[in-house]
Structures are given as structure tokens and as C-alpha cells.
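K.L.:
sharing a model prediction with you, sequence too.
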Amino acid sequence: MKYDFDEIINRRGTSSYKWDKLKELFGRDELLPMWVADMDFKSPPAVIEALTERAKHGVFGYTARSDEFYQSFMDWVMEKHGWRIKKRWVVDSPGVVPAIAIAIQAFTNPGDKILVQTPVYYPFFDVIKNNNRKLVTNELLYVNGHYEMDFNALESEIDGKTKMLILCNPHNPVGRVWSKTELKKLGEICLRKGIIVVSDEIHSDIVYSESKHTPFASISNDLAEISITCMAPSKTFNIAGLETSLTIIPNNELRKSFEGRLYDQLSLKLGNIFGIYATEAAYRHGKEWLDELLDYLEDNRNFAIEYINDNIPGVKPVRPEGTYLMWLDFRELGLSDKELQRLMIHKAGIALTHGPVFGKGGEGFQRLNFACPRTLLKRGLKMIERAVKELKDD
């Protein structure tokens with residue numbers, strides 16, 4: 001490999017949310033953090049070089065995005081996902097979750113219902129509830145270690161007050177990369193029921209060799225007209241701290257409403273200068289790095305699944321088709337969620353993301369981030385193995 005993903009990088013003392021907030025969030029500082037979804041790898045050299053060169057300039061005034069910035073993104077989406085988007089569809093945003101919040105404010109009213117498919121990325125719950133909308137959950141079906149959409153339940157949960165569905169594709173935490181057939185069926189329901197679909201596709205570039213990501217809006221013109229697609233370079237190139245994302249809205253009326261909220265009411269038209277430069281550099285020059293990263297992550301995924309199956313009885317890994325997150329089923333251990341959390345923190349010494357925070361269907365699960373050097377992954381798995389063994393020996 002040209003790039004060294006085995007390098008151990010000390011992130012403590014760098015204001016890292018993942019590493020420097022352990023005491024505050026988990027009660028212990030000496031844990032191995034394998035929770036929040038960023039990677040323990042350096043970003044691509046092209047990104048580091050672009051940021052370094054821009055920093056040398058020394059003037060950091062208000063910054064506009066160039067035509068080249070937008071073109072780099074459009075070229076990337078076409079090359080990676082076969083979706084030809086138009087520049088006028090693209091709206092800048094300061095992150096995917098803020099973009100979702102803005103969509104909720106722009107397209108729904110207080111008291112309206114918004115659907116999510118649980119277990120799912122938990123900030124969805126906050127942006128719905130904190131904007132005085134009603135959360136409606138459509139729990140995914142867990143069938144023989146594999147997650148599927150429950151279309152029958154979805155239709156029954158929609159009524160006249162339901163205005164929006166937030167889709168997670170690829171899905172966090174269960175790792176599904178929804179097929180074109182599944183997305184088309186979901187879209188047909190939403191078209192028939194008059195539902196706007198906000199599609200969180202932040203993990204769309206982290207997809208493994210047996211799967212292919214399909215942007216929801218790329219399936220048909222009809223689905224494009226009811227969609228808001230949220231993408232970003234943050235997960236792909238490990239630049240989440242630069243808080244730059246792009247929202248694709250083909251429907252002119254929806255886009256005008258979104259921009260009115262974002263630009264006029266919130267005055268968020270200009271962006272982070274370093275986010276802008278890093279994004280363009282990543283999309284123009286990051287493909288080779290990403291290809292090697294995906295090979296490394298797929299090997300990490302396969303290693304973790306094999307290790308857990310061979311060495312940690314009572315724990316079942318759900319094989320992710322995308323994302324660098326693994327959903328672990330601990331239910332055979334017979335522990336309550338509080339007992340399971342204590343086992344991981346106080347016996348294993350590892351910080352995972354607690355399953356119940358992802359909503360219905362998260363009970364008895366934990367989420368593990370395997371985007372780290374393999375030596376750290378092995379250490380974390382051994383820590384879980386030891387804690388489970390001691391539990392069974394008691």
C-alpha cells in the first residue's frame with residue numbers, strides 16, 4: 001500500500017471529541033475509544049497539502065466557493081455514483097445534521113410528523129423533537145442477522161400529519177447499503193403519500209466490494225422532485241472537524257425554500273475557508289487514497305467478524321455493507337442495557353456507542369467503530385473477549 005493506515009497517531013490533547021471527552025461522557029479517561037464516527041487515520045496528503053498551502057497565505061477573510069469547488073463535487077458524484085447533478089441543485093451547508101434541521105424547518109410545521117427507521121443515527125431524534133415536530137419510528141426488521149425495511153408497517157404509520165421521512169443510506173448503525181429495488185419501493189410509498197424524503201448519504205463513499213450505493217434521487221425524476229440529498233466529504237476523507245457539506249435539491253421550489261431558510265433567515269451563505277479548500281482537494285485528488293482506505297477497512301471488517309465469531313461466544317456481529325461501523329448483538333449474554341454498558345466501560349475498558357440511543361431495536365446492541373489501525377482493533381476486540389469470558393466464568 002502507498003498509504004500507511006497502520007500508523008498509530010496520538011490524538012489525545014488535540015481537542016478530539018473521540019479521545020478527549022471520555023471522562024466527561026463515559027466516566028473514565030483511560031478507555032479505548034471506538035465509538036464516535038471519525039477515523040484514527042490521517043487525511044489524504046492532498047488535503048493536508050492544500051490546507052498547509054492556504055494557511056501559508058496568512059489572510060483568512062470571508063471566502064466564497066469557486067466554480068471549480070462545485071465542479072469537483074459534481075465530477076465526484078458522477079464518477080463514484082453515476083449521478084449527473086447540476087450546479088444549480090447544489091446548496092452549501094455547514095454539516096449534514098444542520099442541513100437536516102434546516103429541511104425540517106423549511107418543509108414542515110410544528111406538530112407535523114416525521115418518520116425515521118430505527119435503530120438509526122440518534123441526532124435525527126434531536127432535530128425532530130427540538131423543532132417541535134413529532135417523531136414517528138418505523139423499526140427495521142432484523143431477519144437472520146440481516147436488516148430489511150418494513151414496508152407494510154411504514155405505510156400504516158403514515159397519516160395526514162406525516163410530512164417527511166429521514167432516510168439513512170448507507171444506514172448507521174446497521175450498515176445496510178439499501179438496494180435500488182428497496183429504495184424504489186420506499187420512494188413509491190412516499191410519492192403516493194406525499195412525503196418529502198431527506199436522504200442522509202454522508203457514508204455513501206464508504207461502501208464495500210460486494211455492494212453499490214444508489215443515491216435515492218438518482219432513481220427517477222419523480223423521486224428527485226421529492227428529495228433532499230445530504231452528502232459531505234467528512235466521513236470519506238476524515239475531515240468532519242471542518243464542517244462542510246453539500247445538499248442536492250433538484251426541485252426548484254424546495255430548493256428556494258431551503259435557501260431562504262439557510263441564507264436569508266440564518267445568514268449562513270459563506271463557509272469555512274479550510275473546509276472549502278479541503279473539500280475541493282479531496283474530491284479532485286483523493287480517489288487513490290480512498291481506494292486503499294476501502295481495502296484496509298474491508299480487511300478490518302472481515303477480521304473483526306471472524307475474530308468475534310471465533311472468540312467471543314454470545315456476541316453476534318452484523319456484517320456492514322457500508323460505513324466503518326459494526327453493530328454488535330450482545331443479547332445472548334442476558335444482560336440489561338445498563339449491565340452491558342457497565343461491562344464494556346468498567347470491565348472491558350472500551351468506549352462503544354450504547355445501542356439504545358439509536359432508538360427502537362437498539363436494546364442489547366453496541367456500535368463499534370473499526371476505522372483505526374488494525375493493532376488498535378485487535379486490542380479492542382481482545383478487551384471485549386476478556387470481559388465476556390470473565391462474565392461467563394463468574
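P.N.:
On my side now, so go ahead.

K.L.:
when you work out contacts or count neighbours from here on, use the C-alpha atoms and nothing else.
P.N.:
OK.

K.L.:
count of neighbours near residue 379?
P.N.:
13 (other CA atoms under 10 Å).

K.L.:
buried residues, the helix or strand hosting it. List them.
P.N.:
Secondary-structure element containing residue 379, defined by DSSP states H and E: helix 374-393. By 16 or more other CA atoms under 10 Å, the buried positions in helix 374-393 come out as 374, 376-378, 380-385, 387-388.

K.L.:
please list the outside residues in contact with that helix.
P.N.:
With CA atoms under 8 Å, 6 or more residues apart in numbering as the test, helix 374-393 has contacts from 6, 32, 34, 300, 304, 307-308, 311-312, 343-344, 347-350, 370.

K.L.:
could you chop the protein up by domain?
P.N.:
17-44+288-393, 60-285 (automatic domain parsing).

K.L.:
start to end distance for the last one?
P.N.:
Separation of the first and last residues of domain 60-285 by CA to CA, to the nearest Å is 23 Å.

K.L.:
what's the answer for the first one, then?
P.N.:
When the termini of domain 17-44+288-393 are compared using CA to CA, they are 35 Å apart.

K.L.:
so for it, mean pLDDT?
P.N.:
Averaging pLDDT along domain 17-44+288-393 yields 97.

K.L.:
the last one now?
P.N.:
For domain 60-285, mean pLDDT is 97.

K.L.:
work out the gap between it and the centre of the chain.
P.N.:
Distance of domain 60-285 from its chain centroid, counting by CA atoms, centre = their mean, to the nearest Å, is 10 Å.

K.L.:
adding distance to residue 2, write the domains of the chain out as a markdown table.
P.N.:
Converted to a markdown table, the domains of the chain look like this (distance: least, CA to CA, whole Å):
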| stretch | distance to residue 2 |
| --- | --- |
| domain 17-44+288-393 | 8 |
| domain 60-285 | 14 |
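
K.L.:
do you know which of these lies nearest residue 53?
P.N.:
domain 60-285 (9.9 Å; CA to CA).

K.L.:
distance from stretch 308-318 to the middle of the chain?
P.N.:
Distance, centroid of stretch 308-318 to centroid of chain: 24 Å (CA atoms, centre = their mean).

K.L.:
buried sites along it?
P.N.:
Buried-residue list, stretch 308-318, by 16+ other CA under 10 Å: 308, 311-312, 314-318.

K.L.:
so how far is residue 194 from residue 129?
P.N.:
21 Å.

K.L.:
scratch that, residue 369
P.N.:
36 Å.

K.L.:
residue 357 now?
P.N.:
29 Å.

K.L.:
for residue 300, same thing?
P.N.:
Counting by CA to CA, the gap from residue 300 to residue 194 is 41 Å.

K.L.:
again with residue 119
P.N.:
To residue 194, residue 119 is 24 Å away according to CA to CA.

K.L.:
and those two? which has more neighbours close in?
P.N.:
Each of residue 119 and residue 194 has its neighbours counted (other CA under 10 Å); residue 119 has more, 25 against 15.

K.L.:
only the buried residues of the longest helix seen in the chain, if you could.
P.N.:
When the chain is parsed with DSSP state H, its longest helix is helix 287-311. The neighbour-count check on helix 287-311 (16+ other CA under 10 Å) flags 289-290, 292-294, 296-298, 300-301, 304-305, 307-308, 311 as buried.

K.L.:
in stretch 127-138, what counts as buried?
P.N.:
Result for stretch 127-138 [16+ other CA under 10 Å]: buried residues 127-128, 131-138.

K.L.:
wait, which of the buried residues of helix 287-311 is closest to residue 92?
P.N.:
Using CA to CA, those come closest to residue 92 at residue 290, 23.1 Å.

K.L.:
who's in contact with that closest one?
P.N.:
Residue 290 touches 236-237, counting by CA under 8 Å, 6+ apart.

K.L.:
just the element for residue 51, please.
P.N.:
Using DSSP H and E, residue 51 sits within helix 45-57.

K.L.:
packing partners for that helix?
P.N.:
helix 273-285 (3 or more CA pairs under 8 Å, 6 or more residues apart in numbering; DSSP states H and E).

K.L.:
for the stretch 1-150 of the chain, what spans make up the strands?
P.N.:
32-33, 90-93, 113-116, 134-137, 141-143, 146-148 (DSSP state E, counting those that start in this stretch).

K.L.:
just to revisit the earlier point, now the two most distant members of the buried residues of stretch 308-318.
P.N.:
311 and 318 (15.6 Å).

K.L.:
for stretch 236-255, C-alpha coordinates in CSV please.
P.N.:
The C-alpha coordinates for stretch 236-255 follow below in CSV (Å, rounded to 0.1, in the frame of the first residue of the first chain):
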residue,chain,number,x,y,z
THR,A,236,-14.9,9.8,3.4
PHE,A,237,-11.7,11.8,4.0
ASN,A,238,-11.8,12.2,7.8
ILE,A,239,-12.4,16.0,7.8
ALA,A,240,-15.5,16.1,10.0
GLY,A,241,-14.0,18.9,12.1
LEU,A,242,-14.1,21.3,9.0
GLU,A,243,-17.9,21.1,9.0
THR,A,244,-18.5,21.3,5.3
SER,A,245,-21.3,19.6,3.4
LEU,A,246,-23.4,19.8,0.2
THR,A,247,-27.1,19.4,-0.2
ILE,A,248,-28.6,18.4,-3.5
ILE,A,249,-32.2,19.7,-4.2
PRO,A,250,-33.4,19.2,-7.8
ASN,A,251,-36.9,20.6,-7.1
ASN,A,252,-36.7,24.4,-7.7
GLU,A,253,-39.4,25.3,-5.2
LEU,A,254,-38.0,23.1,-2.4
ARG,A,255,-34.5,24.5,-3.1
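
K.L.:
other residues contacting it?
P.N.:
So stretch 236-255 is contacted by 38-39, 41-44, 89-96, 99, 107, 203, 205-206, 224-234, 271-272, 274-276, 278-279, 282, 286, 290 (CA under 8 Å, 6+ apart).

K.L.:
can you flag the buried ones in the residues you listed?
P.N.:
38-39, 41-44, 90-96, 99, 203, 205-206, 224-234, 271-272, 274-276, 278-279, 282, 286, 290.
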